[in-house]
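1. Could you look at this predicted model? Sequence included:
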Amino acid sequence: MATRQGSGARPRSYNTDALVLRSVDEGEADRRVTLLTPGLGKVQAYVRGARRITSRLGGHLDALNHSRVNLAMGARWNVVAGAESIASFGRLKQDLDRIAVALYLAELTGAMLPEEAPHPAAYRLLLDALRAIDGGAADIRLTARYLELRLLEDAGYMPELRVCVLCGCAVEPDQHRFAPDLGGVVCDACVVPQGRALPLSLSALKVLRHFARSSMAEGTALSAPPALLTELETLLGACCLAVLERDTASGAFVGHLRDMRRRAAR
Ligand SMILES: [Zn+2]
C-alpha cells in the first residue's frame, strides 16, 4: 500500500478519472485497488466496505473499469471516497481472450510504472487499448504489441531500433538481431554473449519502427501474418520482462506476468 512519511499531514482529496488496474479483496469487506490516473500516476487505495451488498462504490471499481473517483490521499494510506463508472467495457468482458489480453496489459502497465508519479501517456495508451479491444479491434494481439512498445518508451526503456546498441553503426536490412537486455538491435558483425540475441526479421523491425512513429489506430492498422505476430510477441515480451527483472524486486511477480502473457497468447 502507498504510505507517506511524516505524521499529521492532512489528507488531500482529488477528483480524477482512473483506470482500475487491479482489485483485490482485503480483510472481510474491503478491497484494495490499483488505479492509473492521468495526473497522479499509479495509486494504490483502499475501498472500505466495497464487498458489502449495500456498497455504492464496489461495482464501479472492478478491474478494467474506467471510473471517475474521489481519492483521499492520506498520510499513511489512500482511500477511495467516491466512484462512478465512465465505462465498464462490457463487450470486452464477455470474451475470455479479450479479458486475458486486457488484464495482462493492465498488470504490465502497473508493473512498469512507479507509485504516484504522473504518466499521462501510459494512461492514454491503456485507455486507448481498452477501447480498441472493447470495440472489436481487428487484431487484439497487434494492439497489445503496440502498447508494449509504447509503454517501454514511456517508462524510459524504448528499445533502440536504428543503430547497433554495441557498435553504433546503422543496421543494414536483414543483417540484424535483437538483444532485449542490451536494449535493442545489434548488427550481425558484433559478438553477443550466447543466448542474449534473438533473431529479428526485417518485417518485424519495420513493424516496430512503424509502431514507434504512429498513433495506436495507425500503428495497428496492419495485417500481420501469424508468424510475424508470434515473432513480435517474443521480442517485446522479452524486452518487457528484461526491464521488470532488472527493476522489480519480486521474481514471483515476473512469473505471474509471464503466466498472464501465456494466457493472453492463446
Ligand atoms: Zn554492431
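-> Everything's here; your move.
2. Flag every buried residue along the helix or strand where residue 131 lies.
-> In this structure, residue 131 sits in helix 120-134 according to DSSP states H and E. When neighbours are counted by 16 or more other Cβ atoms under 10 Å, the buried residues of helix 120-134 are found to be 122, 123, 125, 126, 127, 128, 129, 130, 131, 132, 133, 134. (C-beta placed from N, C-alpha, C; glycine too.)
3. next one: stretch 32-46
-> Along stretch 32-46, the positions that meet the burial threshold by neighbour count (16+ other Cβ under 10 Å) are 32-38, 40-46.
4. ok, now how distant is residue 32 from the ion?
-> 47 Å (Cβ to the ion, to the nearest Å).
5. ah, wrong one, I meant residue 169
-> 5 Å.
6. Can you give me the neighbour number for that residue?
-> 13 (other Cβ atoms under 10 Å).
7. Might you report the residue contacts of it?
-> Each residue near residue 169 by Cβ atoms under 8 Å, 6 or more residues apart in numbering is listed here: 163, 187, 189.
8. Could you point out the helix or strand that follows the helix or strand hosting residue 145?
-> Residue 145 is part of helix 140-154, with elements assigned from DSSP H and E. Counting by DSSP H and E, the next helix or strand C-terminal to helix 140-154 is strand 176-179.
9. Out of the buried residues of helix 120-134, flag the one nearest to residue 181.
-> Within the set of these, residue 122 lies nearest residue 181; the separation is 21.9 Å, counting by Cβ to Cβ.
10. so that closest one makes contact with residue 111?
-> No. When contacts are counted by Cβ atoms under 8 Å, residue 122 is not listed as touching residue 111 (11.3 Å).
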